[in-house]
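Trainee: Quick one, what's the 3D model for this:
(chains A and B)
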Amino acid sequence: MSREALQESLSAVMDNEADELELRRVLNACDDVETRETWARYQIARAVMHKDLLLPRLDIAAAVSAALADEAVPVKVSRGPWRSLGRLAVAASVTLAVLAGVRLYNQDEIAGVELAQQSSQQSLVAPQVKGPAVLAGYNESSDATGPMANGVLQGQPGWHDQRLPGYLRQHAQQAALKGTESALPYARAASLENR
Amino acid sequence: MRAIPLLTLLLGGWFVVPAHADEAQDWLTRLGQAEQQQSFQGTFVYERNGSFSTHNIWHRVQEGKVHERLLQLDGSAQEVVRVDGHTQCVSGTLIAGLGDTPNSAARVIDPQKLKNWYDLAVIGKSRVAGRSAVIVSLTPRDQHRYGFELHLDKETGLPLKSLLLNDKGQLLERFQFTRLDTATVPSESDLQPGADCKAVNLESDKSSAVKAAQTWHSDWLPPGFELTSSSARKDPETKTQVSSLMYDDGLARFSVFLEPLNGAVVTDTRIQLGPTVAVSRRLTTAQGEMMVTVVGEIPIGTAERIALSMRADAATTKQ
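Mentor: Residues are numbered from 1 along each chain as shown, chains lettered A, B, ... in the order given. As a prediction, this is how the structure comes out:
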């Protein structure tokens, strides 16, 4: 590899514009003293140009290498079969706990939805047909209803039971009277009355 | 030379897109005219989350007068007879909540206005009730309204099918003709109300409707929605005065009901019933606690925001 190409790559790395290949080239050449000196010179030039603080001859890489060389290699611990079995047991119990939790959580949610549906059946003139079959090819939007109606449960259902059907009816009928697409609001109003 | 294909593409796009939009606009204009000019009779189904019903419709345009009779075919015989948009009689339960303001003439669909809030496009062809149809989609430009997919009769422009879709593309309601006859004009006997159809006395309604509820306004409204009617009436059962305001953007509608709580402890509520949402929120005013209820065919988040934005007009709070 030519010296110029390497220096170009060095410069690119310094400017944070090196591609993968250049970065590898520089890293490979890093052990070479001459390359490191070039690198150091570039840094000085850069620091001067940017008026940066400069600590000359600070070679962190060399220091880190030396420290690593002195480090004692940790002794490899031999593991008995019981140890891995223990790990397996922990993993299994965590899985179980997660599954149980999810199940409980879901049950909670399902119960909530059911309650909400019941309550909306009481409070509103909810229709008897509750099958998903009618909307073939479309997502049933009933699930969107469930959690939203929770407020009914917490409050006094009486007030809303009295008012909401009337409000819904009044809205639908006023809409029918103003309707441009006359039959549609009428059908909405009529569908509220189907018990 | 690369510019040439690009230029063609740009110019092509320039010509194609408005053409589609214009086409959609023309179809909507035809739809508006069709209901004022075309006599027809037919059967349609209406379906929303958990409810399915079938209805007959007779629609006669004669000497500029529009006679219309609607009758539910399954379950209870819900019936409405209208002349020029004015309700003549309704059956059974339909009458209960009727707070009709007498000047409520039907408004004609205005594609020019709708264009500001919906993207109009002809998206294809279909066949409904044995007739060929054009599919016009109205896609909302913001998250404050639902999208419509209208299948309009190629021959007359009448809506053969209408789907309401939320932002996830889920179907909220379906209105669809199963039979439509535009050749036979409904006879006088077809338009005669049934025995259970009770006449609506608009005069008595007018007197029970107190002064219009202009003491309320909303700090925030979804863009394009305008107040189309407001009234205040005494609920015969609870003896409380309920103000109601109705807003629309030319297609979607919502009502706001305001009722004094008189010390009742009530929690906030949210309910979705197919396309219609109802959101109740408490509001503390100078006159005491009020319950604000927003009902309409709008997304629940929008209804919530409207409910939270209702204010009593400062000048009239002392009444």
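Trainee: low-confidence ranges in the chain?
Mentor: Let's take chain A. A:1, A:54-59, A:74-83, A:96-157, A:177-182, A:194-195 (pLDDT under 70).
Trainee: Wait, chain B was what I had in mind.
Mentor: For chain B, applying pLDDT under 70 flags the ranges B:1-21, B:92-107, B:201-214, B:236, B:314-319.
Trainee: bridging residues for B:Arg127?
Mentor: Taking DSSP bridges, one obtains B:Ser132 as the residues bridged to B:Arg127.
Trainee: what's the neighbour count on it?
Mentor: B:Arg127 has 12 neighbouring residues, counting by other CB atoms under 10 Å in any protein chain shown. The C-beta positions use only the backbone N, C-alpha and C, and glycine is treated the same way.
Trainee: That one is in contact with B:Ala133, isn't it?
Mentor: Yes - between B:Arg127 and B:Ala133 there is a contact under CB atoms under 8 Å: 6.4 Å.
Trainee: Ramachandran coordinates for residue 169?
Mentor: All of this refers to chain A. Phi and psi for A:Arg169, reported as degrees, to the nearest 10, are phi -70, psi -40.
Trainee: switch to chain B, that's the one I care about
Mentor: phi 80, psi 10.
Trainee: Tell me how many other residues crowd it.
Mentor: 9.
Trainee: Could you do B:Thr54 as well?
Mentor: By the other CB under 10 Å criterion, the neighbourhood of B:Thr54 contains 16 residues.
Trainee: Find the nearest non-adjacent residue to it, please.
Mentor: In space, and not counting its chain neighbours, B:Thr54 is closest to B:Leu73: 4.5 Å by CB to CB, 6 or more residues apart in numbering or on different chains.
Trainee: repeat for B:Leu31
Mentor: Per CB to CB, 6+ apart, closest to B:Leu31 is B:Gly157, 5.1 Å.
Trainee: Is the one you found in contact with B:Gln33, as I believe?
Mentor: Yes - using CB under 8 Å, B:Gly157 is in contact with B:Gln33, at 6.8 Å.
Trainee: more neighbours, those two?
Mentor: B:Gly157 (21 against 14).
Trainee: what's the helix or strand for that one?
Mentor: B:Gly157 is part of no helix or strand when elements are defined by DSSP states H and E.
Trainee: Could you count how many residues lie near the closest residue to B:Ile300 other than its chain neighbours?
Mentor: Spatial nearest neighbour of B:Ile300, chain neighbours left out: B:Val277 (4.9 Å); criterion: CB to CB, 6+ apart. For B:Val277, the number of neighbouring residues by other CB under 10 Å comes to 25.
Trainee: what's the helix or strand for B:Val277?
Mentor: According to DSSP H and E, B:Val277 maps onto strand B:276-285.
Trainee: returning to what we had before: so how many other residues sit close to the residue nearest to B:Thr54?
Mentor: A total of 13 residues lie near B:Leu73 under the criterion other CB under 10 Å.
Trainee: How about the backbone phi and psi for it?
Mentor: Per degrees, to the nearest 10, the backbone of B:Leu73 is at phi -100, psi -20.
Trainee: so how far is chain A from it?
Mentor: B:Leu73 is 11 Å from chain A, where distance means CB to the nearest CB, to the nearest Å.
Trainee: still on that earlier bit, from the middle of its chain, how far away would whatever helix or strand comes next after the strand holding B:Val277 be?
Mentor: Sequence-wise, the next helix or strand downstream of strand B:276-285 (DSSP H and E) is strand B:288-296. Its chain's C-alpha centre and that of strand B:288-296 lie 20 Å apart, by CA atoms, centre = their mean, to the nearest Å.
Trainee: Give the pairing partners of strand B:288-296; include direction for each.
Mentor: Strand B:288-296 has its sheet partners listed here by DSSP bridges as strand B:253-260 (antiparallel), strand B:276-285 (antiparallel).
Trainee: count of neighbours near whichever residue of the stretch 151-300 of chain B sits closest to chain A?
Mentor: As assessed by CB to the nearest CB, chain A sits closest to B:Thr267 within the stretch 151-300 of chain B, at 2.8 Å. Applying other CB under 10 Å, we find 16 residues neighbouring B:Thr267.
Trainee: Where does A:Val26 fall, secondary structure wise?
Mentor: Secondary structure assignment for A:Val26, by DSSP H and E: helix A:20-28.
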